[in-house]
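sequence and computational prediction follow.
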Protein chains: 2
Amino acid sequence: MPTTFEVLAEPRRRQILDVLRTGECSVNDLVAIVPVSQPGMSKHLKVLREAGLVQVRQDAQRRLYRLSPEPLAEVHAWLEPYRGMWTDRLDALERHLDEMPD
Amino acid sequence: MPTTFEVLAEPRRRQILDVLRTGECSVNDLVAIVPVSQPGMSKHLKVLREAGLVQVRQDAQRRLYRLSPEPLAEVHAWLEPYRGMWTDRLDALERHLDEMPD
DNA sequence: CCCACACATTCCTTGTCGGTTATATTACCG
DNA sequence: CGGTAATATAACCGACAAGGAATGTGTGGG
């Protein structure tokens, strides 16, 4: 059972989520957008399903996938103690540049 | 050249960053905390170095590693469109507070 | 000097991941 | 019913990542 971090390590899986963020999609819809074969797409969707990042519902012959973003909270939570650390540095650089003579 | 996401997919590498968040550490310090052999630690530290997530400075025979959190901004940026999606309507207040500037 | 300590690197092995091709399943439609 | 479209699964393969053991490097101490 891979972690959410491991699932998100795959660029195309992140892209799939980005597409699904705009709304429900069938597998073929996703295949038309994300550069991956249909079986490959099914495999990625299976990983995303088992990670709880997408949900699926049947619609006639198609299966419509939709985003299920709850597991992203884990990533967000891990990242939180670091939040602001990189912006602090940028702010410090800005202040430093402001203080520099032309 | 692995992406930041791929680097963070390794649980021990996240743990290394968590330890370094408390301050500079030598390799031996990290080996004493993170369950990995010394060569394994050096290898993980190399990955983190090449990803720009840690920096190193020499101190006598030791090498002191410190956190360099800038690449985490990439993860934060990807996650941002999803922020608030995983919280329920009951957490609307918290979401609102999250979105408030500090 | 040479030794010892701290760390890095190499080599090898192994397991896992992602891709492709081919095949199975499932649901609809005529 | 039979056929077809949509999706899933299976079987196979190449690439790569991680671990361990042994070795290399380099810096400071006696």
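Now that the structure is in, tell me what you want to look at. A quick note: this is a predicted structure, and the numbers were derived from the prediction, not measured.

going forward, measure contacts between C-alpha atoms and count neighbours the same way
Will do.

which phi and psi does the residue of chain A found nearest DNA strand C have?
Scanning chain A for proximity to DNA strand C using CA to the nearest atom of the strand identifies A:A60 as nearest, at 3.4 Å. The phi/psi pair for A:A60 (degrees, to the nearest 10) reads phi 60, psi -130.

check it and give its pLDDT.
A:A60 carries a pLDDT value of 92.

distance of it relative to chain B?
With distances taken as CA to the nearest CA, to the nearest Å, A:A60 is found 28 Å from chain B.

so how many other residues sit close to that residue?
Neighbourhood size, A:A60 [other CA atoms under 10 Å in any protein chain shown]: 7.

for A:S42, same thing?
Around A:S42 there are 15 residues (other CA under 10 Å).

in what helix or strand does it lie?
For A:S42, the host element (DSSP states H and E) is helix A:38-50.

without its sequence neighbours, what residue ends up closest to A:G23?
Of all residues not flanking A:G23 in the chain, A:R66 sits nearest, at 6.6 Å (CA to CA, 6 or more residues apart in numbering or on different chains).

who's in contact with the one you found?
Applying CA atoms under 8 Å, 6 or more residues apart in numbering or on different chains to A:R66 gives the contacts A:L20, A:R21, A:G23, A:E24, A:C25, A:V54, A:Q55, A:V56.

quick check, central residue of chain A?
Geometric centre of chain A, nearest residue: A:R14, 3.7 Å, by CA atoms, centre = their mean.

quick check: the gap between that residue and chain B.
9 Å.

just the element for A:Q58, please.
Assigned by DSSP H and E, A:Q58 falls within strand A:54-59.

any buried residues in whatever helix or strand comes next after that strand, and which?
The first helix or strand that comes after strand A:54-59 along the chain, using DSSP H and E, is strand A:62-67. Going by neighbour count (16 or more other CA atoms under 10 Å in any protein chain shown), the buried part of strand A:62-67 is A:R63, A:L64, A:Y65, A:R66, A:L67.

and the helix or strand following strand A:62-67, what does it pack onto?
Later in the chain than strand A:62-67, the nearest helix or strand by DSSP H and E is helix A:72-79. Under the contact definition 3 or more CA pairs under 8 Å, 6 or more residues apart in numbering or on different chains; DSSP states H and E, helix A:72-79 sits against helix A:4-8, helix B:72-79.

hmm, stretch A:9-26 touching DNA strand D?
Yes - using CA under 7 Å from any atom of the strand, we find that stretch A:9-26 touches DNA strand D at A:S26.

off-centre distance for that stretch?
7 Å (CA atoms, centre = their mean, to the nearest Å).

so for A:M1, what's the pLDDT?
We note a pLDDT of 86 for A:M1 in this prediction.

which ones are touching it?
A:E50, A:A51.

look up how far A:G52 lies from it.
Distance of A:M1 to A:G52, given as CA to CA, to the nearest Å: 11 Å.

to what extent is A:E6 buried, counted in neighbours?
Under the neighbour criterion other CA under 10 Å, A:E6 is assigned a count of 17.
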